[in-house]
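**Q** below is the structure, and that's it, no one-letter string:
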């Protein structure tokens, strides 16, 4: 894995009084958008860091007249793209994307990821798999030596299969917790109409093997393990950006 370091000033950032993490998110979002060329079809991830990228894409369209279309991974990303003036497209129209930009909940040094805290993991993985390049943006606190360290793995589950899926998770030595919705009574429901179970397996020895075992459980729609999918990761630091590139 190659590593690069680039220092940043504050000239391109809005002058706001924000935490270093928010400034770092903005910096990496701006860097990720530099991968976009005129005419690109771009997968738009969900989450707070990717939101800055969507805003920047909208500004590029308005100020530079670039012809860019976005394929959103959630209703949240879709609504933000519309608000920012980013034309929308679908996988029906463009089954292969030029680029996808997304965030991550945890990243290891092999560029494997845990995603899904926002509940959009299935659509995010579909869009990521359709893209020629997957660029991940996050702050440095998301980097871990081993995936699963103090981080549960989100699993999207068919509601009908919930009891049997939870039982199988326990057989794999996981500690599953059905994610509750916020501001409502009952479980969180994804854009696909499914539930999310957050499963703590502890630090992982083999993320790829675990992903396969989880995907073989009947009723599991998708896992939050994104193994070998990211091409470039930008990590925002208090001062500067660290760029990690797949070997």
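**A** The structure has been received and is ready for your questions. Remember, predicted model here, so these are calculated numbers, not experimental data. Numbering: from 1, shown residues only.
**Q** so for this protein, the centremost residue is which one?
**A** Nearest to the mean C-alpha position of the chain, by Cα atoms, centre = their mean, lies residue 103 at 3.6 Å.
**Q** pull out the buried positions in the helix or strand residue 163 falls within.
**A** Element membership for residue 163 (DSSP states H and E) is helix 162-171. For helix 162-171, the buried set under the neighbour-count rule, 16 or more other Cβ atoms under 10 Å, comprises 162, 165-166, 168-169. For every residue, glycine as well, the C-beta is placed using N, CA and C.
**Q** for it, what is the average pLDDT?
**A** Helix 162-171 carries an average pLDDT of 98.
**Q** and stretch 175-194, by the same measure?
**A** Here the average pLDDT along stretch 175-194 is 91.
**Q** what about the helices in this structure?
**A** Along the chain, counting by DSSP state H, helices occupy 20-33, 48-64, 75-83, 121-130, 162-171, 207-215.
**Q** CSV for those, including distance to residue 244?
**A** Compiled in CSV, the helices of the chain are given as follows (distance: least, Cβ to Cβ, whole Å):
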stretch, distance to residue 244
helix 20-33, 11
helix 48-64, 15
helix 75-83, 24
helix 121-130, 16
helix 162-171, 30
helix 207-215, 16
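**Q** picking up where we left off before, ok, the residue nearest to the centre of the chain - contacts?
**A** By Cβ atoms under 8 Å, 6 or more residues apart in numbering, the contact set of residue 103 is 45-50, 115, 136-138.
**Q** let's see 7 Å
**A** Applying Cβ atoms under 7 Å, 6 or more residues apart in numbering, we find residue 103 in contact with 45, 47, 49-50, 136-138.
**Q** cross these against strands and list the overlap.
**A** When the contacts of residue 103 are checked against strands (DSSP state E), the matches are 136-138.
**Q** highest neighbour count among those residues?
**A** The most neighbours of any of the ones in strands among the contacts of residue 103, using other Cβ atoms under 10 Å, belong to residue 137, which has 31 neighbours.
**Q** doesn't residue 34 make contact with it?
**A** No: here residue 137 does not reach residue 34: they are 11.6 Å apart, not a contact under Cβ atoms under 7 Å.
**Q** burial of the closest residue to residue 130 other than its chain neighbours, as a residue count?
**A** The shortest distance from residue 130 to any non-neighbouring residue, by Cβ to Cβ, 6 or more residues apart in numbering, is to residue 97 (5.0 Å). Using other Cβ under 10 Å, the number of residues around residue 97 comes to 24.
**Q** ok now stretch 220-230, how far from the chain's centre?
**A** Computed by Cα atoms, centre = their mean, to the nearest Å, the chain-centroid distance of stretch 220-230 equals 10 Å.
**Q** which residue ranges make up each domain of this protein?
**A** 2-144+227-245, 153-223 (automatic domain parsing).
**Q** just those: most buried one?
**A** Most buried of those, by mean neighbour count (mean count of other Cβ atoms under 10 Å): domain 2-144+227-245, with a mean of 19.
**Q** what residues are up against the residue lying closest to residue 69 once chain neighbours are set aside?
**A** Leaving aside its chain neighbours, residue 69 sits nearest to residue 89 (4.0 Å; criterion: Cβ to Cβ, 6+ apart). Counting by Cβ under 7 Å, 6+ apart, residue 89 touches 41, 69-71.
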